[in-house]
Structure formats: structure tokens, C-alpha cells
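Participant: Build me a model from this:
(chains A, B, C and D)
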Protein chains: 2
Amino acid sequence: MKIKDIAKLAGVSTTTVSRVLNESKNVKESTRKKIKEIIEEQGYYPNMIAKNLSSNKNDTVGVIMPDIENVYFSKIVNNMVINAEKKGLNIILGCSDENFEIQKKYIELFIKQRVKGIIIAVTKNSYNKTEFFEKISKKIPIIFIDRKIDSDMPTICFENTDTTIRAIENLIHKGNKKIAFLSGDLSISTAEERLEAYKKALKNNHIKYDVKLVFYGDFSMESGYVLAKEVFKTDATAVYISNNLMILGFLKALKELGKNENDYNISTFEYNDIVNFINKDIYSYHIPFDELTNKSLDLLEKIINKEKYNKFLKIKPIKKHWKI
Amino acid sequence: MKIKDIAKLAGVSTTTVSRVLNESKNVKESTRKKIKEIIEEQGYYPNMIAKNLSSNKNDTVGVIMPDIENVYFSKIVNNMVINAEKKGLNIILGCSDENFEIQKKYIELFIKQRVKGIIIAVTKNSYNKTEFFEKISKKIPIIFIDRKIDSDMPTICFENTDTTIRAIENLIHKGNKKIAFLSGDLSISTAEERLEAYKKALKNNHIKYDVKLVFYGDFSMESGYVLAKEVFKTDATAVYISNNLMILGFLKALKELGKNENDYNISTFEYNDIVNFINKDIYSYHIPFDELTNKSLDLLEKIINKEKYNKFLKIKPIKKHWKI
DNA sequence: CTGAAAGCGCTTACAG
DNA sequence: CTGAAAGCGCTTACAG
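Facilitator: Got it, this is the predicted structure:
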């Protein structure tokens, strides 16, 4: 069933059917009604592939995430899909699994699909791939979310620096002098910013930075678990853990070794129902995923319409259950 | 940049360029090489929209989930995306949020997009909408996963009945006579099957079914929390909880009311790292999400190629850390 | 208010 | 091994 068939049944031209399909004004009410009835009767759904080709438009946005099972990113995906639906956009989803080559494949696929634009949380080791991404951005609008790269291409991130500084200072105000830090992979901007913020917070408060208190992991539960055991060997009384998965690993180690839940003041970036359920005393932030996704879709629209826009948008997390 | 431009630059016809693009054999090696070089130089990516239209093919599969933030479904999405990638398929994702109307919108959208097929975990209240789905299936191949409907349309589910019976019997073998049951919304097949299996297991073991021990929730953490308090009023010594979110709510109530983690023998359907971390004594199953998604994509292929296939595939969960 | 015709960027028999 | 031409199912100036 195609537009031609409907036209034949209605005794009109395909042009007129097309007008009805696209809610154009210039159609006599009676013919509109007749055509609508026939469409309904026949259960006809216009072919968007053809429509997109001829109108040179596309309502599909490509989204690439490094790890969908991590609830941090599944929240992004969920909010993205919901906000897209409200704006009449569709999401085609890629999962890079932190693998640059897979990420590249998805980007190329999305270019071939002529999607409206690409919204991406890049894999580790993407930070310095400026040339690659700038080449891509000449082909297609691309927006970086959550994780930035070394370039002034359009980016929407959560504010990491001040957020982390305040979290560390909160630990200091609680009386902690020895604060351990569990880092993610430093080739990811969020991990790197949080570590830098930690250093800054210590400096601001005249606490000497101690390399022995900083532990390098990879944002996984396993690495949180492994590093926890290293933390236990130190005289740290508090610990900042760079993401929610590492926290789970840390808490698991605490529990296994019979430590008390409150042996350490713990702080992290993202408030998470489940983590907080396990230990309600963790200092964290409510992360506005809805705002992130909504603004990234709006930004895409602005770029496409060549409206003015800010190249770099920061979204402020909100303190959860604590204040300094 | 389009195929015509490449053809012009190479001094050949668009047909020949198309042949090179599609790795057709019948092209002289030297012209193939030349064309490939030009494509590379120009950074040309063929327009798949046009390709799909003219070849009447589409490598995109529409996937609709009821709730992506629930890790059970984000695991399905993740495995689907990864398996699709291996098969050269792309996933366009819809989230129905357990809302039938939104689900319908996505189905219609996917029909318009002329996707290869739709793979769907239906919303609650879909079970009896047989007529609606059968009408859809005349338009487009549709496969039901995880949750089934009242029809013999292609379906791939996890085995719920025997799985739940064995879990209940395990609780019985542990010496429990009073086993509470927290149910999900009974308009969802998985919830309904698990409740029926509970009844069957009791009957098999000559334990009287007691309506006071069955509690009706909606698969959410909140309902697990609320119902837990009802369970505490009974003399139940064990509880089967129908999904992982309700378990979290149950455990939260346990903790808040100062109950001991082991006051109840707890069993559930899906093994989950996080839940198990909170309470490692929960009896559950490893759920083969990889197999589910892989087989559903294979099934789609079979349906399209009109090969023989089983209308109803059951995938067996595997006992985790326990045996009767 | 309506329609004929060209065009979107590809593929694909068909002919050579 | 190569190309001219028709076709995929729509949209869209243009003319009336």
C-alpha cells in the first residue's frame, strides 16, 4: 500500500493525498475527509523512508553510550528517549562498551543513516581524538554529553569541579584530614575533573596532597572492591569515590571484611537510590538527567537551525540530604 | 556528496560506483581501486535512506521496552544492541513506560519507518489486546519477548513456571511452611505465571494456599517496601518476591524496622549483582539475557525469510548458588 | 483547491 | 566488465 494506491481509491492525485497526510491547509474539507477515511480503512501508514529522502529531513537522533547497564547511563538513555518522544524525535541507540572502534562504527553508521545529529557520551581515550571528532562534525551535527573532549565542540556536561570540591570540603568539615580518593580512568574527563577538584579542595584547605591516598580504578564495581582493600591499609578516615559502581564495590569490601558501615565518611558524585539504600549516609548529589537530555536535544535543534547557542553548557547537580 | 559526484570524479557511471560500494564482484580491479580512493578522499558515506528505499531493505529493528531504568530491561537493551551489532542490525529504541498508548505510538512509528521488525516487551494490560497485535502483525513482523500475550504469535520468554516452582519448593525444603508471595501486576504474564507456579508448588507439597499470604504489588521498589510491612504482620517465615525491584523495597523495610537480614528465607526470579550484594542468601536464577536477545533477533530473521520456526520459545534460567 | 512532473540518492534488471 | 534507464514512495515548486 502506497500513496498512489490511496490516491487511486480516492480519485485524486498523490499530491493531494500527500497534503492530507501532512496536514496542509489547502485541501477542500470534503476531499480531506474522504481521503482520511480511506487511509483509515486501508490501515495505510506512509513510508517515512521515502518521505525523509524526498523532503531531506530526518527525525531520528543517534545516541551512543559507553555502557547501558550502568544505571547512570541507562538513566540518560531513558530520559533521552522520553524527551525525544515529547519533541517528536526518535532515538537510534548504540553502545560502544568503552571501545573506541565500536564507537567509530556507530558514528559512521549514523552518518550513513543521515540522522539529524549525534549525541554521544564518548568512550575512554576519546579525550584527545580531537581531529577525528572535528572531521565528523563537518559531516553531521555532534553533541558531547556528560564527558567532554579536548575541543570547543558543542558540549553539555554536569558541573564536576565545584561539585566535587564542595563534596571534599564537606568531608573536611566533618573533621577528616585523611581523605582517600578512588578515581576512574583518567582518560575520561569526568574522572579527571573529579581528581583535579579533589586536589584543589585539599589545597584550598591547606591539606597536603598525599599520593598514597589516591587510587586509580576504572569506574567498575570490581575496581571499587579491589581498591577498597588498599584504602583499608591506610589511615584514611574518609573516602571520595568517583562513581556509583565503584561505591558498590567499596561497600562490598567493607561488609566482607566485617567493617562497620560508618567506619568511613563516604562521598560520591551521583545520588543513587540503591547505593543510598545500602548506606544512607553517603554524601552525594541529585543529578539532573532530565535537564541534561532535554537540553542536549534542544541544542541539537539550535545547531541545525543555525540559531545562537552556547558551545559549553554546564548543568549543576544538587546536594542531596546534606549541606556544609 | 552523492554517488553521482563520485561517479563524475572517477569518470564512471553511478552503477559502477554502486557496485563498488556493495562489494559486487563484477568490477575491474583497477577501477575498483580508483573509486575506493576517491570515496576515501572525499569522505563519502552512502545515503542509507536512499539505499533502503530503492533496495526495499532495512537493517533497523524496533525495540520497545516498558521501563529502561529497571536493570532487568536495561540488560535486555544492552544485550540486544550488542547482538544486533554483531548481526549488522541497528536498534531503534522506544520506552513505553508501561503505558499502552505510548506503546501504540511507537509501534505505529516503527511501521512508518518500515523497520525490519519489532521486538517488544509489552506493557501491562497488553495480555488481552490480541486483536490489536494481530492486526499489527499483518503489517510487520513482531516478536514478543519476556512477556507474552494471549495469542500464538511468535514469542520468546524465560521459563517462569517450573523456575518458580523449584524456587518455592526450595523454600519448602528449607523447612518453611508459611511462605508469603509478593506479586507484580497480574496483567503482566510474568507476574501471573509466577503466582500460578506458587500455587502449584504449594499444592504439590500439600501445603494449603492461604490468601492472607499473597500480596499484590506492581514490580516497583515502593510496592515491595509497602507490602513488606504487611508480610511482617503475618507468621510467614519465607517470602517469594516476584522481581528485583520489589526485593530492594522489601530489604529496605527489613533494615528500617531493625529486622535481621536473615529473618526470612527470600527467593526471587532474577539474580542481580546488587541485590545479591545486599543479601547474598537470596535464592535466585541467572537469567540468560544474551540468549534471549540473540534468539529473538534470529527468530526475526527466520520469520522474514519464511524459514521454519517455533512460535513459542522458552529459555531456561539457571539456578544460582543453590540446589534442592 | 488541485494535479502533472521533476526530484530526493540510491539499486537493479537489461543490454552490450 | 560497464552503463543507460527505470524505479523505490514520497515531496514540492509551479501552473492553473
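
Participant: where exactly do the strands run in the stretch 1-150 of chain A?
Facilitator: A:60-65, A:90-95, A:117-120, A:142-145 (DSSP state E, counting those that start in this stretch).

Participant: and of those strands, who's closest to DNA strand C?
Facilitator: Closest of the strands of the stretch 1-150 of chain A to DNA strand C is strand A:60-65, at 16.1 Å (criterion: CB to the nearest atom of the strand). For every residue, glycine as well, the C-beta is placed using N, CA and C.

Participant: returning to what we had before: next, format the strands of the stretch 1-150 of chain A as JSON lines and append mean pLDDT and mean neighbour count.
Facilitator: What follows is the strands of the stretch 1-150 of chain A, written out as JSON lines (pLDDT from 0 to 100; neighbours: other CB atoms under 10 Å in any protein chain shown):
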{"stretch": "strand A:60-65", "mean pLDDT": "97", "mean neighbour count": "26"}
{"stretch": "strand A:90-95", "mean pLDDT": "92", "mean neighbour count": "24"}
{"stretch": "strand A:117-120", "mean pLDDT": "98", "mean neighbour count": "26"}
{"stretch": "strand A:142-145", "mean pLDDT": "98", "mean neighbour count": "24"}
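
Participant: helix or strand right after the lowest-mean-pLDDT helix or strand in chain A?
Facilitator: For chain A, the helix or strand with the lowest mean confidence is helix A:273-278, at a mean of 86 (criterion: mean pLDDT, DSSP states H and E). If you walk from helix A:273-278 toward the C-terminus, the next helix or strand you reach (DSSP states H and E) is strand A:283-286.

Participant: Could the C-alpha coordinates of that following strand be exported in PDB?
Facilitator: Output in PDB follows, covering the C-alpha atoms of strand A:283-286 (Å, rounded to 0.1, in the frame of the first residue of the first chain):
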ATOM      1  CA  TYR A 283      27.100  12.400  50.700                       C
ATOM      2  CA  SER A 284      26.100  12.800  47.100                       C
ATOM      3  CA  TYR A 285      24.200  14.900  44.600                       C
ATOM      4  CA  HIS A 286      21.000  14.600  42.700                       C
END
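
Participant: what packs against that strand?
Facilitator: Helices and strands touching strand A:283-286, by 3 or more CB pairs under 8 Å, 6 or more residues apart in numbering or on different chains; DSSP states H and E, are helix A:161-173, strand A:265-270, strand A:318-320.

Participant: which of these has the lowest average pLDDT?
Facilitator: Least confident of these, judged by mean pLDDT, is strand A:318-320 with a mean of 88.

Participant: just to revisit the earlier point, hmm, who's touching the least confident helix or strand of chain A?
Facilitator: Applying CB atoms under 8 Å, 6 or more residues apart in numbering or on different chains, the external contacts of helix A:273-278 come out as A:71, A:244, A:247-248, A:251, A:268, A:282, A:284, A:320, B:221, B:248, B:251-252, B:274, B:277-278.

Participant: Buried residues of it, list them for me.
Facilitator: Burial within helix A:273-278, assessed by neighbour count using 16 or more other CB atoms under 10 Å in any protein chain shown, is assigned to A:274, A:275, A:276, A:277, A:278.

Participant: between those residues, which is closest to residue B:192?
Facilitator: residue A:274 (27.0 Å; CB to CB).

Participant: Would you mind confirming that residue A:113 is in contact with residue A:92?
Facilitator: Yes: between residue A:113 and residue A:92 a contact is recorded at 7.0 Å, counting by CB atoms under 8 Å.
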